[in-house]
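Asks: with the sequence up front, the predicted model follows.
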Amino acid sequence: PTAAALLADEAARGALHIRPREIWTGGEYLAPAMRAHIARQLGAAVRNSYGASEFLAIGWECAHGQMHVNADWVILEPVDERLRPVPAGQPSSSVLLTNLANHVQPLVRYDLGDQVSLLAERCRCGSPLPVLQVQGRHDEPLVMCGQGGRRATLLPLALSTVLEDNAGVFDFTLHQIDACTLELHLPQEGDEGHQALARCCAELQAFAIAMGVGAIQVHGKLGQSTPRGRSGKSCRIVACAKT
């Protein structure tokens, strides 16, 4: 999704002129706002997939927008924080993967660290394969100073959603400096960068207040490229080691 969003940004600037029939994404959580942004700017339907380095083809998205598990190739077990099974329809703390296709190096109940929900209902598309909802990777939460001296926790997925849905920014890195300070890196520069930074700061501060966090400082740096690993993924929300 990150790479597709970058292409969408280039199309919005008029620097990229392509007409794809369909866009497939995978490897990261695809937020609704990012999906809409990619589809709008590139003019094609976005279909998501779910996989991991340990098993590439865990799930695929049908025409009805539902993610189907390749249950004949893989066993997925949504579990809670104590690795106990989670009922259908409830979000898990993690998910265990067993690879049924790899006879050379078996992988049994491997902890992926993803938050998922397996649904009991069949999909309208008619596929007998189970439907899966992927909430995303369980990243390190940000522990902040809360109101009245208490601690408050901000989840990375929620922070990403605030920046994407509310501020309309899709390429960023948010670092926690300490329990009261965040630092936002954006690639934009000039007026565009300052306007994006102002939106982000306002939305982050409003979200923090709504979540019971005390007054926080949000510093910004413009013209900062987003660090990416060899796979092209970016770690966009970074918690500090000590708060």
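Replies: Arrived safely.
Asks: now the spatially most central residue of the chain. Nearest residue, chain neighbours left out?
Replies: By C-alpha atoms, centre = their mean, the chain has its centre lying nearest to residue 29, at 3.3 Å. Distances taken as C-beta to C-beta, 6 or more residues apart in numbering place residue 136 nearest to residue 29, at 3.6 Å, with adjacent residues excluded. No exception for glycine: its C-beta is placed from N, CA and C like everyone else's.
Asks: same thing with residue 157?
Replies: residue 136 is the one closest to residue 157 (C-beta to C-beta, 6+ apart), at 5.0 Å.
Asks: next: residue 146.
Replies: Closest to residue 146 by C-beta to C-beta, 6+ apart is residue 152, at 3.4 Å.
Asks: give the buried residues for the helix or strand the one you found falls within.
Replies: Using DSSP states H and E, residue 152 sits within strand 151-154. Neighbour counts over strand 151-154 (16 or more other C-beta atoms under 10 Å) mark 152, 154 as buried.
Asks: can you pull the contacts of residue 10?
Replies: residue 16 (C-beta atoms under 8 Å, 6 or more residues apart in numbering).
Asks: surely it is in a strand?
Replies: No. Counting by DSSP: H, G, I helix; E, B strand; the rest coil, residue 10 falls outside a strand, being helix.
Asks: need phi/psi at the residue nearest to residue 52 when sequence neighbours are not counted.
Replies: Using C-beta to C-beta, 6+ apart and skipping the chain neighbours, the partner closest in space to residue 52 is residue 112 (5.7 Å). Phi and psi for residue 112, reported as degrees, to the nearest 10, are phi -80, psi -30.
Asks: circling back to that earlier point, doesn't residue 115 make contact with the residue nearest to residue 29?
Replies: Yes. Counting by C-beta atoms under 8 Å, residue 136 does reach residue 115; the two are 6.0 Å apart.
Asks: related to what we said a few turns ago, contacts only, for the residue nearest to residue 146.
Replies: Counted by C-beta under 8 Å, 6+ apart, residue 152 has contacts 143, 144, 145, 146, 211, 212, 213, 214.
Asks: and it, what's its pLDDT?
Replies: Note for residue 152: predicted pLDDT of 83.
Asks: what's the answer for the one 5 residues further on, then?
Replies: The confidence metric pLDDT takes the value 78 at residue 157.
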